[in-house]
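*Asks:* Got a predicted structure here, sequence first:
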Amino acid sequence: MIEIDERALDVLLAEDPGGPVVMLNLLRFRPDGGRESYQRYAEALGPALNARYGLQVEYLGDGERPLVAEDGQAWDMVVLVRYPNRQAFADMIRDPEYRAVSHFRSEALLESVLQPTVPLTAVA
């Protein structure tokens, strides 16, 4: 599954513990120009859309051969993106400006994982 549907966004918001959310993106690109299409998607988001929703790319890296994984679990790219809260993420996904460029992401990917993560507080 590549697309985010409205039901998934509703569940994300219903389970909101509050505070920031870091979205783990595991990406497997189509061999016929997927990486390039994903680059167009990233560029199309642009600084204005990123700033509007408080999006911050915390980490972006190419995947390499996994040390521990089943066959088929290697990913081409890993991206960690921080949002100030889940509502900001949902609002961005629902924004018509975002939807106008999201096709580049869909065209780029064979498979993906998009998983919200919640920061753990250190126990003293």
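*Replies:* Here it is on my side, so go on.
*Asks:* How about the most centrally placed residue in the chain, nearest residue that isn't a chain neighbour?
*Replies:* Central residue of the chain (C-alpha atoms, centre = their mean): Asn25, 4.4 Å from the mean position. Nearest non-adjacent residue to Asn25, counting by C-beta to C-beta, 6 or more residues apart in numbering: Val79, 4.0 Å away. For every residue, glycine as well, the C-beta is placed using N, CA and C.
*Asks:* picking that back up, I'd like the distance from the host helix or strand of the residue nearest to the centre of the chain to the chain centre, please.
*Replies:* According to DSSP states H and E, Asn25 maps onto strand 21-29. Remark: strand 21-29 is offset 4 Å from the chain centroid, using C-alpha atoms, centre = their mean, to the nearest Å.
*Asks:* can you state the direction angle for the helix or strand of the chain with the lowest mean pLDDT and strand 21-29?
*Replies:* Across the helices and strands of the chain, mean pLDDT, DSSP states H and E gives its lowest value to helix 34-53, namely a mean of 92. Relative orientation of helix 34-53 versus strand 21-29 (axes from the mean of the first three to the mean of the last three C-alpha atoms, to 10 degrees): 160 degrees.
*Asks:* With that, I have no additional questions.
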